[in-house]
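1. Model the structure of this input:
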Amino acid sequence: SSSSTQQHHEQLKMRTTLLVVCGAAVVYAAERISGAQIMDQILPTGFNWSIILGLVGVVLFYDQYRFRSKRQHLPGPNWVPPLIGKFYDSVNPDFEKYKQQWASGELSATTVFQKFIVIASTAELSRKIFNTPASIVPMAVPSMKDILLPENFIFFQGEAHFAYRKRLNPLFTRKALATYLPLQEEIYRRHIASWIKKGNVHSEFYTPSRDLVMEVSLRVFCGEYIEQETVKKISDSYYLITRALELVNFPIPLPGTKVYAAIQCRKVIVKAFEDCYAKSVQSMAKGENPSCLLDYWVQGMQAEREAHLANPSDSKYVEMTSLDVALTLLAFLFASQDAANSSMVWLMVLLHEHPDVLEKVRQEQRLLRPNNEPLTVEVLDHMAYARQTAKECLRYRPPVIMVPHEVIKPVSLTEDYVIPKGTVLVPSVYPAAHDPVAFANPDKFDPDRFGPERQEDVKSPKNWLIFGHGPHNCIGKEYAMTNLIAFLALVATEADWDRQRTEVSDKIKIIATIFPEDDALLRFTKRAVV
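-> This next block holds a predicted model:
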């Protein structure tokens, strides 16, 4: 309204006056510092150090003024550390502090390293962010363009993004998922057996889960084209990318910084993917059947090329390079690795805490696979309770709690606030998944909420933001669900496990995605009755 605008202008005038007065006060005080004689000995003759201190004071006061003028009436800190803002909080994320910020208002503000950040806490505003591509674009985290490279398709917008995603759809068809499933099952069974062989020892589950997820991803992507030694090398070093995924990092990727180390890891992964792509091209040229995601992609590219040769006037055809393919696989790995790892860790924790749910999963498996038969997509279709359990795990502990975006032109999500250009705008998944209006008793782990009697997901679809929403929603969401359900079916029938609790077992830590603070100390034993 005009009255609120006038009031805001009056506030800006008052702040500007205060800024000038404070700067003058700093200069006045600087001229009377008792240590002035010492400074005169250090600095060149005639050097007016009081003016320098005054300018520094003005800069520091302006830093506060700039943040508060952008924040306006939004909830957020009244004062932030000069220049670096809430940098400490960004490198040491505290889940409880995030919950406090979400509870402070539907929009709230903070700043880190001169980056103004606005966080949305409701499902409605988060969906608006996902669905406003003309003004708001995904940015993952600011460091991701350095790590994934700006030419990666995840940074495409509009028609270019739509066209590229369309070319990727054949990679996640039912036929393709059926091809990937035997690869996944072999790896799951082998890793579960290795956990059982550890014997009577509780050990953190974060690393074994990470290694399992990485091998599954790389084998699904590259099949036998990637050497086991390369799989291990990537699995051991990928944490360098994970730890560089903080909301705000040191802005320049200098040697010794986390982002620099992540870039070196990216180079290794891209080279491995380019090598695998070359092998897939040779295999598909021989007419062999697809055995992994790369094969389906190469097969699709061959069909596109043949169609273009038959119709050279098609101006939309773009030949993909090995780097294009490698960067896309890197984006898939980035999107899936930490999220899938988080989901598997939480799934094991939650099933241990809810033995009644685990028993229902096992009962379903006994009906569908009485002799521990191999998995098929047809059998997975009938695993209704396993799907409910996997879905509830994702809702109860969504692996990605926030998805940073960038405002490329001023935008209003509410009637009383315009978000400035350049703002890091963050839709929040966790509050939407724990909204008591959408989900009854949201802090309870309850797979039955997705059963045919209650269907809370059907009744409140706007709150299901686990895989994003809008033009940039997760293209591999059904693959991700299949992955989690298949793992659940196998681990429930192959193993028993218990957890050694610690004083931080119930706390949540954030490493790009969320995990139990103690990494879940688990001990596995062979299940006597399948």
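
2. Now for residue 374, how many residues are close by?
-> Residue 374 has 11 neighbouring residues, counting by other CB atoms under 10 Å. For every residue, glycine as well, the C-beta is placed using N, CA and C.

3. Give me the buried positions along stretch 363-372.
-> Using 16 or more other CB atoms under 10 Å as the test for burial, stretch 363-372 gives 364, 365, 368, 369.

4. quick one: low-confidence ranges for the chain?
-> Low-confidence segments of the chain (pLDDT under 70): 1-49, 87-91, 140-142, 245-251, 314-315, 529-530.

5. the strands in the stretch 251-400 of the chain, which residues?
-> Assigned strands in the stretch 251-400 of the chain: none (criterion: DSSP state E, counting those that start in this stretch).

6. ditto for the chain
-> For the chain, strands defined by DSSP state E occupy the ranges 107-112, 115-120, 136-138, 203-204, 405-407, 411-414, 417-419, 424-427, 495-500, 508-511, 513-516, 521-526.

7. tell me what the last one is packed against?
-> For strand 521-526, the packing partners by 3 or more CB pairs under 8 Å, 6 or more residues apart in numbering; DSSP states H and E come out as helix 174-197, strand 203-204, strand 495-500.

8. and residue 475, which of the strands of the chain is closest to it?
-> With CB to CB as the criterion, residue 475 lies closest to strand 136-138 of the strands of the chain, at 13.0 Å.

9. Centre-most residue in this structure?
-> residue 400 (4.7 Å; CA atoms, centre = their mean).

10. gap between that residue and residue 438?
-> 18 Å (CB to CB, to the nearest Å).

11. And the nearest residue to residue 510 once chain neighbours are set aside, how far from residue 484?
-> Spatial nearest neighbour of residue 510, excluding adjacent residues (CB to CB, 6 or more residues apart in numbering): residue 93 at 4.1 Å. Computed as CB to CB, the residue 93 to residue 484 distance reads 24 Å.

12. Neighbour count for the two, which is higher?
-> Higher neighbour count among residue 93 and residue 484: residue 484, with 21 against 18, using other CB under 10 Å.

13. Please look at the more buried one and residue 345 and confirm they touch.
-> No: applying CB atoms under 8 Å as the test, residue 484 and residue 345 come out as separate, 11.6 Å apart.

14. what's the angle from the longest helix belonging to the chain to strand 495-500?
-> In the chain, with assignment by DSSP state H, the single longest helix is helix 322-353. If you take axes from the mean of the first three to the mean of the last three CA atoms, to 10 degrees, helix 322-353 sits at 80 degrees to strand 495-500.

15. Can you give the contact residues for stretch 66-76?
-> 8, 12, 15, 78, 80, 85, 101, 104-105, 107-111, 116, 118, 416-417, 420, 423 (CB atoms under 8 Å, 6 or more residues apart in numbering).

16. And the residues you listed, which of them are buried?
-> Here, 16+ other CB under 10 Å leaves 15, 80, 85, 101, 105, 107-111, 116, 118, 417, 423 buried among the contacts of stretch 66-76.

17. Can I get the residues you listed in CSV including distance to residue 488?
-> Shown next, in CSV, are the buried ones among the contacts of stretch 66-76 (distance: CB to CB, whole Å):
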residue, distance to residue 488
15, 56
80, 44
85, 42
101, 33
105, 37
107, 37
108, 36
109, 40
110, 37
111, 41
116, 42
118, 37
417, 43
423, 40
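
18. with the residues you listed in mind, which one is nearest to residue 442?
-> Closest approach between those and residue 442, by CB to CB: residue 101, at 18.2 Å.

19. how close does that closest one get to residue 121?
-> Distance of residue 101 to residue 121, computed by CB to CB: 8 Å.

20. For the two, list the residues in contact with both.
-> residue 108.

21. Please, where are all the helices along the stretch 151-300 of the chain?
-> Assigned by DSSP state H, counting those that start in this stretch, the helices in the stretch 151-300 of the chain fall at 158-168, 174-197, 206-222, 228-237, 239-242, 258-285, 293-310.

22. if we can go back for a sec, closest one of the buried ones among the contacts of stretch 66-76 to residue 159?
-> Distance to residue 159, by CB to CB, is smallest for residue 423 among the buried ones among the contacts of stretch 66-76, at 25.2 Å.
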